[in-house]
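K.L.:
Have a look at this prediction, sequence included:
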Amino acid sequence: MKKRPLLFAALLLTALPLPVHAEEETAPSAEPTEPPLFSYGLDAEGHAELTDFLPSGEFTGAVNIPSEIDGHIVDYIGANCFQDAAGVTSVTIPATVTDMGENVFLGCTALDTVQVAADNPYYTVTDGVLYADGGKLLCLYPAAGAAVQFTVPQGVEEIAAGAFGYAQRLQEVVIPEGVCCVDSYAFAFSGIERVEIAGSVSELEEFAFANCLLLQEAVLQPGIQKIGNAAFYNCTALGQITLPDSLAAVGAYAFCGTGLTHITVPASVETISDCAFGYTGNPASGSTAVPDFVIYGEPSSAAQTYATAHHFPFVSAEEAPSETMPTETVPAETPARRTSHRFSDPGGKPADWTHILGAGLFRNPKVLWMLGIGGGTALILSAVLLIFYLKKPKRKTVPTETAQAQIEEVPENPDAAQETPTEEAASQELH
């Protein structure tokens with residue numbers, strides 16, 4: 001009778017630890033999950049809006065943008081989401097995405113392929129280029145695209161921000177009639193050498209062609225009304241440009257850092273913002289006036305007001321040089337080389353001549369001109385002295401009768417014939 005309770009207690013004690021032991025030692029561990037690729041927020045309808053591609057510079061390969069994340073439908077890709085993700089080679093956009101922010105893929109230098117789900121109601125891909133809104137908006141030309149020349153198709157009305165950014169193989173672009181706007185950074189950092197822009201484009205927005213280091217020719221057709229801030233900033237190979245008569249406003253730093261040495265401003269221009277042209281540098285590190293930069297325009301115009309305010313020479317537009325584009329344009333010198341030969345500072349005051357001499361005396365045409373006059377004068381004086389020296393009788397210890405006769409013929413003041421110009425006279429000749 002007593003054994004049964006003991007047996008029951010023993011069984012109970014041996015049974016109790018079993019589930020505890022199983023939970024601590026044999027419970028399956030959670031499966032490792034892949035790190036999230038995107039950070040996101042939620043809109044009013046609970047849809048996900050992708051804000052950042054988290055791997056960014058560390059990622060290499062293709063990206064499939066999810067149609068759903070954590071149970072939320074993905075319908076928007078935020079501005080700069082993939083910016084500088086240089087290892088991304090292709091992107092696939094799902095049917096759920098119907099909107100994007102600006103510069104989404106700016107800096108994706110290896111991107112050569114863009115795909116869109118067949119049932120996406122808003123985005124399409126034609127010949128490798130991403131369009132939206134039935135082809136009215138050109139969203140993205142892949143930066144690693146293989147084309148050398150590209151003509152924007154008919155029907156496109158707007159070129160999106162950053163659309164051609166960093167396109168290094170592309171050399172020539174034609175923007176035809178029908179396009180009304182070229183957004184910010186549209187061609188920034190690209191390798192284009194020539195662009196032709198139709199007059200239907202009312203505005204080139206800020207930084208539209210900034211840092212296009214190979215851009216030599218930009219043809220702006222009549223109709224363009226505004227060139228935005230820094231639109232052609234640091235286009236160092238751009239040596240000349242013709243501004244259309246329709247132009248009304250030029251933004252700050254619009255042509256700063258280009259190869260321009262002069263510019264003709266049409267009378268239609270009413271506003272010219274700070275450092276629009278005639279400068280190198282940028283607002284962060286400071287700007288430097290381009291030496292001998294000339295502004296041509298109509299008297300009492302915005303061009304003359306700008307020239308006076310910035311201490312640039314102003315000349316009537318009637319005397320402006322022809323702006324025909326050469327077939328082969330030699331890239332202009334870099335700002336660093338040109339600023340080493342300044343004859344005046346940004347305020348128009350004389351520059352430090354020791355700086356000029358130290359920066360390359362014998363490449364300065366004005367200094368060479370002065371040296372040429374001085375060298376020529378010195379050569380003439382040397383020749384005169386040599387002639388007089390040769391004609392001067394040589395002295396002997398015992399003069400002969402002939403020599404005595406020659407001595408008698410010498411003027412009383414023989415040194416008068418050998419007088420050289422004084423330092424003051426030589427100085428006047430040099431000047």
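P.N.:
That came in fine, so what should we check first?

K.L.:
what comes up buried for stretch 255-273?
P.N.:
For stretch 255-273, the neighbour count (16 or more other CB atoms under 10 Å) marks 255-266, 268-269, 272 as buried. C-betas here are computed from N, CA, C, even on glycine.

K.L.:
Stretch 78-87 too?
P.N.:
Result for stretch 78-87 [16+ other CB under 10 Å]: buried residues 78, 80-83, 85-87.

K.L.:
how long is that stretch from one end to the other?
P.N.:
Here the two ends of stretch 78-87 are set 19 Å apart, with distance taken as CA to CA, to the nearest Å.

K.L.:
So which residues make contact with it?
P.N.:
Contact with stretch 78-87 is made by 38, 49-53, 55-61, 63, 88, 91, 100-110, as judged by CB atoms under 8 Å, 6 or more residues apart in numbering.

K.L.:
neighbours of residue 120, just the number please.
P.N.:
Neighbour count of residue 120, defined by other CB atoms under 10 Å: 16.

K.L.:
which residues touch the closest residue in space to it that isn't next to it in sequence?
P.N.:
Spatial nearest neighbour of residue 120, excluding adjacent residues (CB to CB, 6 or more residues apart in numbering): residue 95 at 4.5 Å. The contact partners of residue 95, by CB under 8 Å, 6+ apart, come to 67, 117-121.

K.L.:
cool, and residue 75?
P.N.:
43, 47-49, 96-99.

K.L.:
among these, which are in strands?
P.N.:
The strands, defined by DSSP state E, take in 48-49, 99 from those.

K.L.:
Name only those of the contacts of stretch 78-87 that count as buried.
P.N.:
The neighbour count (16+ other CB under 10 Å) marks 38, 49-51, 53, 56, 59, 63, 88, 91, 100-101, 103-110 as buried among these.

K.L.:
Not counting sequence-adjacent ones, nearest residue to residue 156?
P.N.:
residue 138 (5.0 Å).

K.L.:
what's the spacing between the one you found and residue 41?
P.N.:
Here the criterion is CB to CB, to the nearest Å. By it, residue 138 lies 27 Å from residue 41.

K.L.:
Which one's more surrounded, the two?
P.N.:
Shown here are residue 138 and residue 41; by other CB under 10 Å, residue 138 has more neighbours (26 against 12).

K.L.:
Just grab the bridge partners of that one for me.
P.N.:
Taking DSSP bridges as the rule, residue 138 bridges to residue 131, residue 159.

K.L.:
Quick check: which ranges of the stretch 251-400 of the chain have low pLDDT?
P.N.:
For the stretch 251-400 of the chain, the stretches with pLDDT under 70 are 323-400.

K.L.:
Where do the domain boundaries of the chain fall?
P.N.:
38-351, 364-430 (automatic domain parsing).

K.L.:
Pick the most deeply packed of those.
P.N.:
domain 38-351 (a mean of 18; mean count of other CB atoms under 10 Å).

K.L.:
show me where the chain has helices.
P.N.:
3-15, 17-21, 302-309, 335-338, 353-358, 365-391, 401-409, 423-430 (DSSP state H).

K.L.:
Thanks a lot, catch you later.
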